[in-house]
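1. Pasting a predicted model and its sequence here:
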Amino acid sequence: MVSLRAEVPETLLKAMAAFIERHPNWDQYRLFQAALAGFLVQNGVQDRGVTRCYLANLFPSQRRFASPPHRPGGRGGSSSPSRSSGSRAAV
């Protein structure tokens with residue numbers, strides 16, 4: 001897990017707080033992960049781990065996005081952040 005600290009304009013913080021208040025199944029970590037992963041996917045990053053993070057945050061009830069299947073003898077894939085793991089942002 002990696003901690004991230006960023007300066008965020010007050011307008012974005014207020015919008016984030018309002019969104020989280022209206023959507024209690026979201027928190028600042030899930031919102032930040034989904035936003036960052038979405039930005040990367042939309043800007044051409046072609047990495048399965050990033051795509052899985054994006055999908056896992058948008059569709060948390062779909063466990064198939066949470067982590068790649070284990071293949072005996074094969075590459076295990078990158079670890080995929082879900083709501084309970086991944087990078088945390090001090091916002």
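-> All right, it came through fine.
2. what's residue 11 in contact with, if anything?
-> With contact set as CB atoms under 8 Å, 6 or more residues apart in numbering, residue 11 has no partners. (Glycine included, C-beta is placed from N, CA and C.)
3. and it, helix, strand or coil?
-> Using DSSP: H, G, I helix; E, B strand; the rest coil as the criterion, the local structure at residue 11 reads helix.
4. Could you do residue 61 as well?
-> Using three-state DSSP, the structure places residue 61 in coil.
5. Packing partners of the helix ranked longest in the chain?
-> Identified as the longest helix of the chain according to DSSP state H is helix 28-42. For helix 28-42, the packing partners by 3 or more CB pairs under 8 Å, 6 or more residues apart in numbering; DSSP states H and E come out as helix 10-22, helix 48-58, strand 88-90.
6. Adding distance to residue 4 and mean pLDDT as columns, could you present those in TSV?
-> Formatted as TSV, these follow (distance: least, CB to CB, whole Å; pLDDT from 0 to 100):
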stretch	distance to residue 4	mean pLDDT
helix 10-22	15	95
helix 48-58	14	88
strand 88-90	5	47
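7. low-scoring stretches of the chain, by residue?
-> The chain contains residues with pLDDT under 70 at 1, 65-91.
8. As CSV, the helices and strands packed on helix 28-42 with distance to residue 33 would be great.
-> Shown next, in CSV, are the helices and strands packed on helix 28-42 (distance: least, CB to CB, whole Å):
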stretch, distance to residue 33
helix 10-22, 13
helix 48-58, 5
strand 88-90, 8
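9. Most tightly packed of the ones you listed?
-> Greatest average neighbour count among these goes to helix 48-58 (a mean of 20), per mean count of other CB atoms under 10 Å.
10. hey, C-alpha coordinates of that one in PDB?
-> Extracted C-alpha coordinates of helix 48-58, given in PDB (Å, rounded to 0.1, in the frame of the first residue of the first chain):
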ATOM      1  CA  ARG A  48      -5.000  -5.000 -16.600                       C
ATOM      2  CA  GLY A  49      -4.400  -4.000 -13.000                       C
ATOM      3  CA  VAL A  50      -5.500  -0.500 -13.700                       C
ATOM      4  CA  THR A  51      -8.600  -1.600 -15.600                       C
ATOM      5  CA  ARG A  52      -9.500  -4.100 -12.800                       C
ATOM      6  CA  CYS A  53      -9.100  -1.300 -10.200                       C
ATOM      7  CA  TYR A  54     -11.400   0.900 -12.300                       C
ATOM      8  CA  LEU A  55     -14.000  -1.700 -12.700                       C
ATOM      9  CA  ALA A  56     -13.800  -3.000  -9.100                       C
ATOM     10  CA  ASN A  57     -14.500   0.500  -7.800                       C
ATOM     11  CA  LEU A  58     -17.400   1.100 -10.200                       C
END
